[in-house]
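Engineer: Give the three-dimensional model of this entry:
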Amino acid sequence: MTTTAKTPYEALDAWIDTHFDEEVRFLQELVRVPTDTPPGNNAPHAERTADLLQAFGFEAEKHAVPAPAVHAAGLETITNLVVRRKYGPGRTVALNAHGDVVPPGEGWTHDPYGGDVEGGKLFGRAAAVSKSDFATFTFATRALEALGATLKGGVELYFTYDEEFGGELGPGWLLQQGLVKPDLLIAAGFSYQVITAHNGCLQMEVTVNGKMGHAAVPETGVDALQAATRILVALYDQNTQYKQVKSQVKGINHPYLNVGLIEGGTNTNVVPGKVVLKLDRRMIPEENPAEVEATIRKVIQDAAAGQPGITVEIKRMLLANALQPLDGNRPLVDALSRHATNVFGEEIGAAGTPLYTDARLFGEAGVPAVLYGCGPRTVGESNAKRADEHIDLEDLRRATKVVARALFDLLD
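Structural biologist: Numbering: from 1, shown residues only. As a prediction, the model looks like this:
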C-alpha cells in the first residue's frame with residue numbers, strides 16, 4: 001500500500017487543524033485580560049501574553065514605553081512585545097496586531113471578558129479587533145516551524161498597545177527607537193480582503209468660548225452654544241461636498257466628517273459660556289492632510305466670524321496619514337490573495353478600507369505593508385467596538401492557514 005506525501009500546504013493545514021482547540025484557548029486567555037483604552041493600563045496584558053508565548057518556546061522581548069510619554073498621551077502603561085524567529089539569511093516578514101481596545105460599553109449578552117464560545121463564535125471585547133490576530137499570527141508561525149522545512153529569513157511578531165490612540169507609542173515607538181525594521185509587514189486585518197490602502201484620519205477639538213449669563217437676562221451673557229450651532233451647520237455642510245469626491249481605491253468611497261462629542265453649559269437656566277466639539281475627518285488616500293486641516297480650520301473660523309464676544313480655539317488631537325500601497329508589497333499581496341482564494345473557496349483580492357490603522361506607520365517608514373488576518377466581511381458583522389463583539393471560529397482557523405501558507409512562500 002502506498003501513501004501520497006503531503007504537500008507543505010497540506011501539512012501546514014493539518015497542523016493547524018490538530019492544534020486548533022489550543023489556538024482557541026490561547027485567544028480566550030487573551031480576551032480574559034482587559035485592555036480597555038482609556039484608561040489604557042495595558043502592561044498586564046503584555047505580561048500575560050509573554051507568559052503564554054513562553055509556553056510555546058517563543059521568547060518575547062518586553063519594551064516598556066517610558067511613563068512620561070505614556071501619561072502625556074492620556075494612558076497608564078504600555079509594554080510592546082517583540083518576538084524574533086530567525087531561520088537563516090534572508091528577508092524578515094513581520095506580523096503586527098494590537099491588544100488595546102475601546103471599553104465594552106453596554107448591551108452585552110456575554111461577559112465581555114469571558115471568551116465564551118457559542119454557535120461556532122467566540123465572544124469578547126477585542127475578540128475581533130484584534131486579539132484574534134495574536135492567535136492567527138502566533139499559530140501560523142508555530143505551524144511554519146513545525147513543518148521542519150529549510151527556510152530563509154525570519155518571522156517577527158509585534159504585539160503592540162496603542163492603536164486606539166493612533167499607534168505612535170506602539171509601532172511608531174518601536175520604529176523610532178530602532179527596535180524593529182522588517183522587510184515586509186502583515187498587520188491585523190480581515191479574512192476576506194487583502195487590504196493594501198486605507199483612509200487617513202484627522203481628529204480636532206474645537207472650543208467655543210462665550211460668556212455665562214442668567215437665562216432671565218440673556219443679554220448679560222454670550223451664548224457659546226448658539227455660536228457652536230453655526231459652526232456645526234457649516235461643518236456638516238462639508239459632507240455634501242465630500243460626497244462629490246470619490247476615491248479610486250476599491251473599497252474606499254468618499255471623505256467624511258463626524259462630530260462625535262459635544263460638551264458644554266452648566267445648567268438649564270444659564271446661558272452657556274463654553275462648548276467643546278470633537279470631530280473626526282476621514283481622508284481618502286488621494287487627499288493632502290495639510291490641505292484638509294487648513295480647510296476645516298477656515299470653515300470653523302468663517303462660521304464664528306461676526307459673532308460678537310465669541311472666540312474659538314482649535315486643537316489637533318490626531319493626524320493619521322492614509323496607508324499608501326508601496327511597490328514592494330506585491331509578494332505579500334500575491335501570496336495572501338492566492339492562498340485566501342484557495343482556502344476560502346472564493347476570489348479574495350486586494351482592496352482598500354475606510355478605516356485607519358497603525359500599519360500606516362510602517363508604510364511611512366518605507367516598509368511595504370498589507371492588512372490580513374481573522375475577521376468578517378464587514379466590521380459590522382463582528383460587532384467590533386459594539387456589544388457582543390465576536391469572531392467566527394472557522395474564519396480564525398482558515399485565516400491562520402492562509403497566513404502560514406503565505407509565510408512559507410515568502411521564506412521558502
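Engineer: Quick one: low-confidence residue ranges for the stretch 251-400 of the chain.
Structural biologist: Residue ranges of the stretch 251-400 of the chain with pLDDT under 70: none are present.
Engineer: Can you show me the helices along it?
Structural biologist: Taking DSSP state H, counting those that start in this stretch, the helices of the stretch 251-400 of the chain run over residues 289-304, 330-344, 360-364, 393-411.
Engineer: quick one, which of the ones you listed is nearest to Gly167?
Structural biologist: Nearest to Gly167 among the helices of the stretch 251-400 of the chain is helix 360-364; the distance by Cβ to Cβ comes to 5.5 Å. For every residue, glycine as well, the C-beta is placed using N, CA and C.
Engineer: picking up where we left off before, and of the helices of the stretch 251-400 of the chain, who's closest to Glu59?
Structural biologist: Nearest to Glu59, of all those, is helix 393-411, at 19.0 Å by Cβ to Cβ.
Engineer: can you redo the helices of the stretch 251-400 of the chain as CSV with distance to Ala216 and mean neighbour count?
Structural biologist: Shown next, in CSV, are the helices of the stretch 251-400 of the chain (distance: least, Cβ to Cβ, whole Å; neighbours: other Cβ atoms under 10 Å):
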stretch, distance to Ala216, mean neighbour count
helix 289-304, 26, 15
helix 330-344, 67, 20
helix 360-364, 53, 23
helix 393-411, 61, 24
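Engineer: With distance to Thr136 added, can I get those helices in JSON lines?
Structural biologist: Below are the helices of the stretch 251-400 of the chain laid out as JSON lines (distance: least, Cβ to Cβ, whole Å):
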{"stretch": "helix 289-304", "distance to Thr136": "31"}
{"stretch": "helix 330-344", "distance to Thr136": "12"}
{"stretch": "helix 360-364", "distance to Thr136": "18"}
{"stretch": "helix 393-411", "distance to Thr136": "5"}
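Engineer: Tell me which of these sits nearest to Phe123.
Structural biologist: Nearest of those (Cβ to Cβ): helix 393-411, 10.9 Å.
Engineer: okay, that closest one in CSV with CA atoms only?
Structural biologist: C-alpha atoms of helix 393-411 as CSV (Å, rounded to 0.1, in the frame of the first residue of the first chain):
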residue,chain,number,x,y,z
LEU,A,393,-14.0,30.4,14.7
GLU,A,394,-13.9,29.0,11.2
ASP,A,395,-12.6,32.3,10.0
LEU,A,396,-9.9,32.1,12.6
ARG,A,397,-8.9,28.6,11.5
ARG,A,398,-8.9,29.4,7.8
ALA,A,399,-7.1,32.8,8.2
THR,A,400,-4.4,31.0,10.3
LYS,A,401,-3.9,28.6,7.4
VAL,A,402,-3.7,31.4,4.9
VAL,A,403,-1.0,33.3,6.9
ALA,A,404,1.0,30.1,7.5
ARG,A,405,1.0,29.2,3.8
ALA,A,406,1.9,32.8,2.8
LEU,A,407,4.8,32.8,5.2
PHE,A,408,6.1,29.5,3.7
ASP,A,409,6.0,31.1,0.2
LEU,A,410,7.8,34.2,1.4
LEU,A,411,10.5,32.4,3.3
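Engineer: Check which helices and strands that helix sits against.
Structural biologist: Packing partners of helix 393-411 (3 or more Cβ pairs under 8 Å, 6 or more residues apart in numbering; DSSP states H and E): helix 8-18, helix 20-31, strand 92-98, strand 121-123, helix 132-146, strand 154-160, strand 184-187, helix 330-344.
Engineer: how close does the residue nearest the centre of the chain get to Ile231?
Structural biologist: Centroid-nearest residue in the chain, with Cα atoms, centre = their mean: Thr357, separated by 4.1 Å. In this view, Thr357 and Ile231 are 30 Å apart by Cβ to Cβ, to the nearest Å.
Engineer: Is Leu202 part of a helix or strand, or is it coil?
Structural biologist: Following DSSP: H, G, I helix; E, B strand; the rest coil, the label given to Leu202 is strand.
Engineer: Contact partners for it?
Structural biologist: By Cβ atoms under 8 Å, 6 or more residues apart in numbering, the contact set of Leu202 is Asp280, Arg281, Met283, Pro289, Val292, Glu293, Ile296, Arg316, Leu318, Leu319, Ala320.
Engineer: partner residues bridging the residue nearest to it when sequence neighbours are not counted?
Structural biologist: Nearest residue to Leu202, sequence neighbours excluded (Cβ to Cβ, 6 or more residues apart in numbering): Arg281, at 4.4 Å. Beta-bridge partners recorded for Arg281 (DSSP bridges): Leu202, Leu257.
Engineer: Give the full set of residues in contact with Arg281.
Structural biologist: Cys201, Leu202, Gln203, Met204, Pro255, Tyr256, Leu257, Asn258, Val292, Ile296.
Engineer: repeat that with 10 Å
Structural biologist: 199-204, 235, 238, 242, 255-258, 287, 289, 292-293, 295-296, 319 (Cβ atoms under 10 Å, 6 or more residues apart in numbering).
Engineer: all strands for the stretch 101-250 of the chain, in order.
Structural biologist: Secondary structure of the stretch 101-250 of the chain by DSSP state E, counting those that start in this stretch: the strands cover 117-118, 121-123, 154-160, 184-187, 194-198, 200-209, 213-214.
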